[in-house]
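Quick one, fold the following:
(2 chains)
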Amino acid sequence: MNKEESKYYPSDVSIRLWQKFKAGDSDAMGKLAQIHYRSLYNYATKFSSDPDFIRDAIQELYMDLWERRTFLNETAFVKSYLLKALRHRLIKESIRLKRFQQPESAFFDGNESDPSVEVHIIEDENNRHQQGRLKQIISLLSKRQQEIIYLRFYQNLDHEDISNVMGLGRRSVANLLYRTLKEIKEIWTPAAFFWLVTLGSWFFSIGL
Amino acid sequence: MINYRSFSVEELATDEMFRRWIMDPTPEIAFFWNRWTDENPDKVVTVNLARELVLSVQSIYSDDLTDEMLRREIEEITRMAEERKHHRRLNAYLPAIWKAAAVIVLIAGLGVLYFTSKQIEKKQVTSIPTIEIPALEVRTNATTHEVTVLLSDNSVATLAKGSSISYPKNFAQNERRVYLKGEAFFDVSKNENQPFLVYTNETVTKVLGTSFRIKAFDEDNTVLVAVKTGRVSVFPKTEYEHTEEKRGHAGVILSPNEQAIFNRKENRLERGSVQRPEILVESIVRRTQVFDDKPVAEVFILLQKEYGIQIQYNADLLAQCRISAQFDDETLKQRMNAICQAIGATYEMMDGEVVISSRGCN
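Down below sits the predicted model:
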C-alpha cells in the first residue's frame, strides 16, 4: 500500500484496540498512548525543559481525548494530529506561564528572527574542520528552520503532515524545507567534498 | 523494486528502510544495504550524507526519556483514564442537536455501564483465568472462481480455486497470523506495530502492509511468493521458528516485482524478479467497473455482486451521495478507499462484512 493510501485510512491503531478504547477500556487508552508517547515527549522537550510540565501536558492531551472518546475517529491518534495538538497546548501553556517566570530558551519557541547562518559560520570559522559539523550547522539555523528539519528527519513526517503540525500551507512547507536544505548543503557539502578529495589524494600518495 | 539509485539525500534520509539500517538494523536490512552499497559504489557520497544527516538530527534532538519513565507514564495515563472513566467532555463546536443527542447517549451509556459493571463484578468472582486461544475461521474455495475473504484488520485475501485459508475472527494484539494452503493474493492493511504473517507448510511470509501473491499447493515442489507493492520478508518455516538473531540471513527481503521460490526438496529460498507479471493482480479475471455519476448505493450493490461480499451501510444517510469512477486493475481495498474518500466516509471489515461509516452527503 502506498503512502497516500494509508492517509485515507489511518492505521496507527488496530480496530480491536479502537473498539476497546471507544467502549471505555482504560488499558486500551494506555496502549494507544504508548504508540506515539516517545515522539510526543521528544517534541515537547523542544518547547520546554521542564519534565513535569511536559508530562502534565501529554497526560492532559490524552485525558482530553479520553473524555471525548465517543465523538472521536481514529485520525485523532495519527501522529501528526497528536503532535499538532500538543504543540498548541505547549505554546498556550508556556505563554500563560511566562507572565510569572523568566522565559526559557527552548528550541522552537517564539518567532524571533535569527541572523543568517552564514554570519554564525564565519564567526565560527576556527572550528571549521572539527567533527559534528553538520550538527553545528543545524543548531545555528533559525528556530523555524530547525523545527522543519526536526519534523522531517527526526519525526520522519512527510510534507503534508508537517504543514498540518506547523499550521503552514503545503507550498510554504515545500519552500521552507527546500531553502533550508539548500542552505545546509551549501555550507556542508563543500566540506564533505573537501574531505573526500583530501582522503583521495592521501590514498593516492600512499600508493593505494 | 524501489530504485534507490535515483534517491536524493533527503529521500534516502526519510526512507523507512534506510533509517532502520542506520538506527536499528535487523540482519536482513543490514544485509540488503551492505550489498546495495557494494553494488553502487558511485552512491557513496549520497549514502554518507544521508547517514550523517539522520545521525546528526537524532543526536541533536535526543531526549532523556528512559524505558522505565515511559512505562511509569503509561501506567499513570491508564490509571487516570480509569479514574476519569465517567467524565465526558462535549465538543464545544457541536451543534445543539448533537449535544442533545450526546446527552441521551451519555445517559444510556451510563446505564449500560452500570449494569455491565455489575455483571463484570459477578463474573470476576467465578471465572478462572484462562489463556486466550483465538478459534480459527476456515474458508475453503471449492468453486471454480476466485473468492474474496475479508479479514478483521481490513486486509483482503483473494483465494484461488482449490485453496483454503485459516484466520482468527479477530487478530492478536502483537501479530496478524493466517495459514494458507494453495494460492491467494493478499492486500494487507498497513500496521507497523502488528506484522502480518502468512504461514504455509514450509514458509513464513512477514509483511507490515503490502500486496503480494503466494502459491503453495501441496502437490507442487515449490512455494512461490511474488510482491506487487511494499516490502515482504520470506523465511523457511524451520528458520523462522528460531530466535530473531539466529534467523540471520536465512530469510530474503523482496521489493515490488521480485519473487522468492522456496524449493521444498532443498529447503532453500531463491530470490529473483517476477517471471510472469500477470500474476501480480488481485483477481486473475478482469474486474473492470465504470460508474458515471451513480448513486453510491448502486455502486455498493455492484461491488457486492462482483466480489461476492456483503457491504453494510445506512441507505438513508447515503441517499444523496453520487460516485463517478473507473476501476480496472484496482484492488478491492483501493476501490473502497477511493469511494469512501469521495463521499467522506470510512469503512471497516467486521465479521466478514464491510461496514461503512458516514455522515452523509449534501
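
Quick one: the helices in chain A, in order.
A:3-8, A:15-22, A:26-45, A:51-67, A:79-98, A:117-123, A:133-139, A:143-153, A:159-166, A:170-205 (DSSP state H).

can I get those helices in CSV with distance to residue B:19?
Every residue, glycine included, has its C-beta placed from N, CA and C. Shown next, in CSV, are these (distance: least, C-beta to C-beta, whole Å):
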stretch, distance to residue B:19
helix A:3-8, 15
helix A:15-22, 25
helix A:26-45, 14
helix A:51-67, 24
helix A:79-98, 15
helix A:117-123, 25
helix A:133-139, 16
helix A:143-153, 9
helix A:159-166, 16
helix A:170-205, 17
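
Would you point out which residue of chain B is nearest chain A?
Ranked by C-beta to the nearest C-beta, the top residue of chain B for proximity to chain A is residue B:78, at 3.4 Å.

Domains in the chain, by residue range?
Here I'm looking at chain A. A:3-98, A:117-205 (automatic domain parsing).

I was thinking of chain B, sorry if that wasn't clear
Split by automatic domain parsing, chain B gives B:4-60, B:67-126, B:136-279, B:289-357.

Include distance to residue A:43, mean neighbour count and mean pLDDT when you put those into CSV, please.
Converted to CSV, the domains of chain B look like this (distance: least, C-beta to C-beta, whole Å; neighbours: other C-beta atoms under 10 Å in any protein chain shown; pLDDT from 0 to 100):
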stretch, distance to residue A:43, mean neighbour count, mean pLDDT
domain B:4-60, 13, 16, 89
domain B:67-126, 15, 12, 68
domain B:136-279, 19, 18, 86
domain B:289-357, 27, 16, 89
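
which stretch among the ones you listed comes nearest residue A:172?
Within these, the stretch nearest residue A:172 is domain B:4-60; the backing value is 17.3 Å (C-beta to C-beta).

The helices of chain A into TSV, with extra columns for mean neighbour count?
Converted to TSV, these look like this (neighbours: other C-beta atoms under 10 Å in any protein chain shown):
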stretch	mean neighbour count
helix A:3-8	14
helix A:15-22	18
helix A:26-45	21
helix A:51-67	18
helix A:79-98	17
helix A:117-123	14
helix A:133-139	19
helix A:143-153	22
helix A:159-166	20
helix A:170-205	14
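
show me what contacts the one residue in chain A that gets nearest to chain B?
The minimum distance from chain A to chain B, using C-beta to the nearest C-beta, falls at residue A:30 (3.4 Å). Each residue near residue A:30 by C-beta atoms under 8 Å, 6 or more residues apart in numbering or on different chains is listed here: B:74-75, B:77-78, B:81.

where does it land on pLDDT?
In this model, residue A:30 is scored at 93, pLDDT.

Over to the one 3 residues further on?
Each residue has a pLDDT score; the one for residue A:33 is 93.

Residue A:62 is in contact with that one, correct?
Yes. Using C-beta atoms under 8 Å, residue A:33 and residue A:62 qualify as a contacting pair, with a distance of 5.0 Å.

Now for the two: what residues contact both?
Counting by C-beta under 8 Å, 6+ apart, the shared contacts of residue A:33 and residue A:62 are residue B:77.

any idea how far residue B:229 lies from residue B:255?
9 Å (C-beta to C-beta, to the nearest Å).

no no, residue A:133
Distance from residue A:133 to residue B:255, by C-beta to C-beta: 34 Å.

Then residue A:63?
For residue A:63, the distance to residue B:255 - C-beta to C-beta - is 43 Å.

Can you classify the nearest residue to residue B:329 once chain neighbours are set aside by secondary structure?
Leaving out its chain neighbours, the residue that sits closest to residue B:329 by C-beta to C-beta, 6 or more residues apart in numbering or on different chains is residue B:281, at 5.5 Å. Of the three states, residue B:281 takes coil according to DSSP: H, G, I helix; E, B strand; the rest coil.

Check the one 10 residues further on too.
Following three-state DSSP, the label given to residue B:291 is strand.

which residues does it contact?
Contacts of residue B:291 by C-beta under 8 Å, 6+ apart are B:298-299, B:302, B:323-326.

The residues you listed in helices, which ones?
Filtering those for helices - DSSP H - leaves B:298-299, B:302.

ok so, going back, where does the residue nearest to residue B:329 fall, phi/psi-wise?
phi -130, psi 160 (degrees, to the nearest 10).

same thing with the one 5 residues further on?
With angles defined as degrees, to the nearest 10, residue B:286 shows backbone torsions of phi -70, psi 140.

Find me the pLDDT at it, would you?
At residue B:286, pLDDT is 80.

Let me know whether it touches residue B:328 as I believe.
Yes. Counting by C-beta under 8 Å, residue B:328 is a contact partner of residue B:286 at 7.4 Å.

picking that back up, take the domains of chain A and write them to a markdown table, including distance to residue B:356.
Listed next are these as a markdown table, based on distance: least, C-beta to C-beta, whole Å:
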| stretch | distance to residue B:356 |
| --- | --- |
| domain A:3-98 | 13 |
| domain A:117-205 | 25 |
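
For residue B:220, which of the ones you listed is the nearest?
Comparison of those against residue B:220 by C-beta to C-beta identifies domain A:3-98 as nearest, at 32.5 Å.

Residue B:180: helix or strand, and which one exactly?
Following DSSP states H and E, one finds residue B:180 within strand B:176-187.

List the strands paired with that strand, with their directions.
strand B:156-159 (antiparallel), strand B:164-168 (antiparallel), strand B:196-199 (parallel), strand B:211-216 (antiparallel) (DSSP bridges).

Kindly present those strands as TSV, with separate columns for distance to residue B:332.
What follows is those, written out as TSV (distance: least, C-beta to C-beta, whole Å):
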stretch	distance to residue B:332
strand B:156-159	5
strand B:164-168	16
strand B:196-199	16
strand B:211-216	11
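
Would you mind telling me which of these is nearest residue A:47?
Nearest of the strands paired with strand B:176-187 (C-beta to C-beta): strand B:196-199, 36.9 Å.

How far away from the center of its chain is the closest one?
Remark: strand B:196-199 is offset 11 Å from the chain centroid, using C-alpha atoms, centre = their mean, to the nearest Å.

Identify all contacting residues around it.
Contacts of strand B:196-199 (C-beta under 8 Å, 6+ apart): B:153, B:155, B:175-180, B:186, B:188, B:204-209, B:214, B:237.

just stretch B:54-68 next, same as before
A:38, A:41-42, A:45-46, A:107, A:132, A:134-135, A:138-139, A:149-150, A:153-154, B:13, B:18-19, B:22-23.

now the end-to-end length of it.
Terminal residues of stretch B:54-68 lie 26 Å apart, using C-alpha to C-alpha, to the nearest Å.

One more: stretch B:322-335?
15 Å.

ok, and what's touching that stretch?
A:1, A:5, B:148, B:154-156, B:158, B:187, B:189, B:211, B:281-282, B:286-296, B:299, B:303, B:307, B:309, B:338-339, B:342-343, B:361.

hmm, 7 Å instead?
Stretch B:322-335 has contacts (C-beta atoms under 7 Å, 6 or more residues apart in numbering or on different chains) with B:148, B:156, B:187, B:211, B:281-282, B:288-296, B:299, B:303, B:307, B:338-339, B:342.
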